[in-house]
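>>> I'll drop the sequence and a predicted model, then ask my questions.
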Amino acid sequence: MKLRLNISTCPNDTFMFDAMIHRRIDTEGLEFDLFMGDIEELNREALQGTPHISKLSYAVVPRVSDRYQVLNSGSALGRGNGPLLVSRHKLYPDELGDVCVAIPGEYTTANRLLSVIFPEISRRRVYLFSDVADAVMSDECDAGVLIHEGRFTYRKKGLQLVADLGEEWEKRTGLPLPLGAIVVSRELDPALRHTIDRVLRRSVTYAMAHPQASAEFVREHAQELDDEVMRNHIELFVNAYSVDLGEEGRQAVVRLLDLKDEEIFV
């Protein structure tokens, strides 16, 4: 049986999954049918129950918790790595009530966090995450929420920081910010779900120990081809929480999603 595996094209995903996809590690007999897309596409596929294993936004987990569980490994979660609200012209947080904001998907954690931090923002337009900066630069929108590589390149495009949404979350909660989860279908046998979790942890550990092994795969799919941008992206989003969420990571997920531990995790 081949398992349908959905991941994004972002460097942190290609970095973490490279070893299991290309069999650099023991996959314990698991084989994968790989599908790659942007995060909103992955969110929608999970909402339809299509993949066996998938990257998705943590904000989507409550919508799919009856069909999927979160794996302990593979998460994008940490401190100082949250979405950024940016604008072309100077904006202050108390001026956001009437602005139009470009968001990287209706179901993304970035959009959920925007609602938590700035509930007064009601005018939002959905864009592919890599098109958000362009929407702001062309004045289609007054501001935009940047994720992934966009966090590292906005200044070069002449955009200004309005608010670091992850920093605001940390100030309010004292917890790291959960961004992206890896989930597994509840239709699979529980023993198989734990095998998948174990293999993914092995893949992440291998990637961190052998960072050059995945370089070609990462570069092939990255939106921003600059080596420094890719390296910064991986260093920011792949960390100890990616190996294992641990108690603090689980606590952060429960706080963000307002669900019970047993409703979420493998």
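Okay, I see it.

>>> in stretch 93-107, what counts as buried?
Leu96, Val99, Cys100, Val101, Ala102, Ile103, Pro104, Gly105, Tyr107 (16 or more other Cβ atoms under 10 Å). Any C-beta I mention is one placed from the backbone N, CA and C, and that applies to glycine too.

>>> where do the strands sit along this structure?
Taking DSSP state E, the strands of the chain run over residues 2-8, 31-37, 53-57, 68-70, 76-78, 84-87, 100-103, 123-126, 143-146, 160-164, 177-185.

>>> what's the last one packed up against?
In other words, strand 177-185. On a contact count with 3 or more Cβ pairs under 8 Å, 6 or more residues apart in numbering; DSSP states H and E, strand 177-185 meets strand 53-57, helix 61-64, strand 68-70, strand 76-78, helix 109-117, helix 165-173, helix 190-209, helix 246-257.

>>> Those into TSV, with extra columns for distance to Phe237, mean neighbour count and mean pLDDT?
Converted to TSV, the helices and strands packed on strand 177-185 look like this (distance: least, Cβ to Cβ, whole Å; neighbours: other Cβ atoms under 10 Å; pLDDT from 0 to 100):
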stretch	distance to Phe237	mean neighbour count	mean pLDDT
strand 53-57	11	26	96
helix 61-64	18	18	96
strand 68-70	16	24	97
strand 76-78	5	26	92
helix 109-117	12	21	92
helix 165-173	11	17	95
helix 190-209	12	19	98
helix 246-257	13	18	94
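
>>> So which of the ones you listed is nearest His22?
helix 190-209 (9.6 Å; Cβ to Cβ).

>>> residues making contact with that closest one?
With Cβ atoms under 8 Å, 6 or more residues apart in numbering as the test, helix 190-209 has contacts from 3, 15-20, 24-28, 30, 53, 69, 71-74, 182, 184, 186, 188, 213-214, 238, 242-244, 266.

>>> Nearest residue to the middle of this protein?
Closest to where the C-alpha atoms of the chain average out (Cα atoms, centre = their mean) is Gly180, at 3.1 Å.

>>> Show me what that residue bridges to in the sheet.
Beta-bridge pairing of Gly180, defined through DSSP bridges, involves Ser57, Ala76.

>>> That one contacts Val60, doesn't it?
No - in this structure Gly180 lies outside contact range of Val60 using Cβ atoms under 8 Å: 10.0 Å.

>>> All set, thanks.
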